[in-house]
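Enquirer: Show me the folded form of this:
(chains A, B and C)
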Amino acid sequence: MLRHETAEGVAAGRIVEAEAYLGTEDPASHAYRGPSGRAWVMFEAGGCAYVYFSYGTHWCMNVVAGPKGVGGAVLIRALEPLEGLDLMRARRGRDAPEDLCSGPGKLARALGIGPEQNAADLRASALTVRKAPFPPGEIAVSPRVGISRAVDAPLRFFERGNPHVSRARAGATEARRRPPRR
DNA sequence: GGAACGATTGAT
DNA sequence: TCAATCGTTCCT
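Expert: Next comes the predicted model:
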């Protein structure tokens, strides 16, 4: 689960959807061009947060993975809210639990995650990743959502049937198929 | 120096 | 289906 402690209170949820972004070999990854610009954090040692500004409007949060010097991170795409739901509601301006954390921008907003948390140590800071209170169900795999390169790589992972999983606009479900080329 | 695009969301 | 909105990338 992902948990954030702020002056406003605690908000936490169980991670139910995530995507892997690799290093300089993954054209869809921010790390593709090396440790320049915002992507430098992806080349730090695993265990810290990579927070980036998306579409000029939203913040998204990753867990950096792999050894120092190698690019890689896991984008947290959806949470099942478990703690601080009213705080999440206030931050999100939504009421339904399924509307609080069912997308990378939504969950960052709900947990109060922003640029201040970039490069934060997820083992020992206000923002942590820890073991969930109950184990996952079946894990399904699909292509990643919202990208235009490496669109077929099966690097999205989610708990099948969980109502808090984001709705994949791009149709990135396990049933998705690219039309056969002729 | 400028144009285009993007690991998204919410309203129309 | 489209606007919001801005940092990064890519082109001239």
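Enquirer: Residues of chain A that sit close to DNA strand B?
Expert: Contact residues, chain A versus DNA strand B (Cβ under 7 Å from any atom of the strand): A:19, A:21, A:28-31, A:39, A:42, A:50, A:52-58, A:60, A:62, A:73, A:75, A:92, A:94, A:99, A:103-107, A:144-148, A:166, A:169. In this view, the C-beta of every residue, glycine as well, is placed from N, C-alpha and C.
Enquirer: Among these, which are located in helices?
Expert: Counting by DSSP state H, the residues of chain A next to DNA strand B place A:92, A:104-107 in helices.
Enquirer: coming back round to it: PyMOL command to pick out the buried ones of the residues of chain A next to DNA strand B?
Expert: To isolate the buried ones among those in PyMOL, judged by 16 or more other Cβ atoms under 10 Å, type:
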select buried, chain A and resi 19+21+28+29+30+31+39+42+50+52+60+62+73+75+92+94+99+103+104+105+106+107+144+145+146+147+166
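Enquirer: Now do the same contact list for the residue lying closest to A:Tyr52 once chain neighbours are set aside.
Expert: The shortest distance from A:Tyr52 to any non-neighbouring residue, by Cβ to Cβ, 6 or more residues apart in numbering, is to A:Arg38 (5.4 Å). Contact partners of A:Arg38, counting by Cβ atoms under 8 Å, 6 or more residues apart in numbering, are A:30, A:52-53.
Enquirer: rerun that using 10 Å as the cut-off
Expert: Contacts for A:Arg38 (Cβ atoms under 10 Å, 6 or more residues apart in numbering) come out as A:30, A:50-53, A:115, A:118.
Enquirer: pLDDT score assigned to it?
Expert: With respect to pLDDT, A:Arg38 scores 96.
Enquirer: Quick check: A:Ala90 is in a helix.
Expert: Yes - using DSSP: H, G, I helix; E, B strand; the rest coil, the assignment for A:Ala90 is a helix.
Enquirer: hmm, back to that, and the residue nearest to A:Tyr52, how close does it get to A:Gly66?
Expert: For A:Arg38, the distance to A:Gly66 (Cβ to Cβ, to the nearest Å) stands at 17 Å.
Enquirer: Could you do A:Thr128 as well?
Expert: 19 Å.
Enquirer: cool, and A:Ala12?
Expert: Distance of A:Ala12 to A:Gly66, computed by Cβ to Cβ: 25 Å.
Enquirer: Regarding the nearest residue to A:Ala45 once chain neighbours are set aside, what is its secondary structure?
Expert: Spatial nearest neighbour of A:Ala45, excluding adjacent residues (Cβ to Cβ, 6+ apart): A:Lys68 at 4.1 Å. Following three-state DSSP, we place A:Lys68 in the coil state.
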